[in-house]
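**Q** sequence below, structure please.
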Amino acid sequence: MQHFHILEPDQTIRQEALEKIDNLNKPKGSLGILENIALKLCLIQQTLSPSLHYPCHLLLGADHGIEREGVSASPREVTWQQMINFTRGGGFVDVMCRQHNFELKIVDMGVDYDLSDFHTIINYKIAHGTANFLQQEAMTLQQWNECIERGCQLVDQCIAKGSTIISIGEMGIGNTSPSSIWMSLFGNMPLDICIGAGSGLNSAGIQHKLKVLTKSVQKFLTKFPDIAETLSNTPQGKCPNYTFKQTEQILYYFSGFEMAAAIGAMLRAAERHVTILIDGFIMTACILGASKLYPNVLHYAIFGHCGDESGHQKMLNLLHAQPLLQLGLRLGEGTGALCAFPIVDSACRMINEMNNFENAKITKYF
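**A** Okay, the predicted model is just below:
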């Protein structure tokens, strides 16, 4: 894996930014989370006048070998069918991108279908879906590295157009399964509280999913006894202190191609001081994985919402993240992040456009 140089944003301007926010013509702290967001944007961009220029949304699609084990209520073909639907503007992600003026990049990272005739889909296909991680690693280390590089390229393309904020979404039937496993292994949490209904499993389906994923994790830990030892030696309630190599092994063994590319995109965005809007359960799992490789990536993330997938709130708690919205969403595609964008926009407008006490000739009473 390529090396990323991700630093905590320089704090030199923090006090000046706080003073600017506090001197806006409002009671101190009265705009709550908007003030926190504005400060974060200032620190990320290293300016007292941050901008949300040329927002981009990366919609990454791929299929998962574990889907063959019946862990999803939706059939595999829904991945490619929805990808085509997105090209025609028919998905909710299309609606949100039009509403908030995001450039939508639809990317085939590994869909099990030939989408080459659809020229608005970027062809970054690694393979026709990952391998079944119940039987073997989902992808090779080489494929993992290729996905990371593709994610970086996508972000670089956005930045070349002037983008200062990106959001990332996914389309991949079965991708709540690797997300649940990552949550369990990185959070040292029982797998059963990390697993939910996904796209609509009933209680019997959830139990079957738990059985399949439990067996998959057991096989993985048998193959990597050093990871098993680290996990078993970690006290309950504490996150395991895996090495970089162990973290990477956990990630690529279970990952989807779209999830690996998302991690690459998040790491590159942080490296280049671009704000990252985080979507639901799957993208939160990706930023969790990214943060286990490079903890400073979290300084560049804004969490859009808490979704309706079982375990999402617990995963947000692992990251000490405060989501902006809670709307009962579980669609994916990055739609929750896009729904949250106007709140980030309001914070940016607040610090740039509000008058201050002195200019407005209002008595400052604190």
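
**Q** show me the contacts for Leu327.
**A** Shown in contact with Leu327 (Cβ atoms under 8 Å, 6 or more residues apart in numbering): His305, Gly336, Cys339. The C-beta positions use only the backbone N, C-alpha and C, and glycine is treated the same way.

**Q** in terms of helices and strands, where is the residue nearest to the spatial centre of the chain?
**A** Residue closest to the average C-alpha location in the chain (Cα atoms, centre = their mean): Met283, at 2.8 Å. Per DSSP states H and E: Met283 is located in helix 281-293.

**Q** does anything pack onto that helix? Which helices or strands?
**A** The contact analysis (3 or more Cβ pairs under 8 Å, 6 or more residues apart in numbering; DSSP states H and E) places helix 281-293 against strand 165-171, helix 176-187, helix 244-254, helix 257-271, strand 275-278, helix 312-318.

**Q** helix or strand right after that helix?
**A** strand 301-303.

**Q** what lines up beside that following strand in the sheet?
**A** Using DSSP bridges, the strands paired with strand 301-303 are strand 275-278 (parallel).

**Q** what's next to the strand it pairs with, contact-wise?
**A** With Cβ under 8 Å, 6+ apart, strand 275-278 has contacts from 40-41, 44-45, 52, 164-168, 266, 269-270, 284, 287, 297, 300-304, 321, 334, 337-338, 340-341, 344.

**Q** now, of those, which are buried?
**A** Buried by 16 or more other Cβ atoms under 10 Å: 40-41, 44-45, 52, 164-168, 266, 269-270, 284, 287, 297, 300-304, 321, 334, 337-338, 340-341, 344, out of the contacts of strand 275-278.

**Q** circling back to that earlier point, the residue nearest to the centre of the chain against Ile166, yeah?
**A** No: the criterion here is Cβ atoms under 8 Å, and Met283 misses it with Ile166 at 11.5 Å.

**Q** can you list contacts of stretch 119-131?
**A** 62-67, 76, 83, 87, 105-113, 115-116, 137-139, 143, 146-147, 150, 154, 255-257, 261.

**Q** mind checking the SS state of Ser163?
**A** Per DSSP: H, G, I helix; E, B strand; the rest coil, the secondary structure class of Ser163 is coil.

**Q** nope, Leu58 is what I was after
**A** strand.
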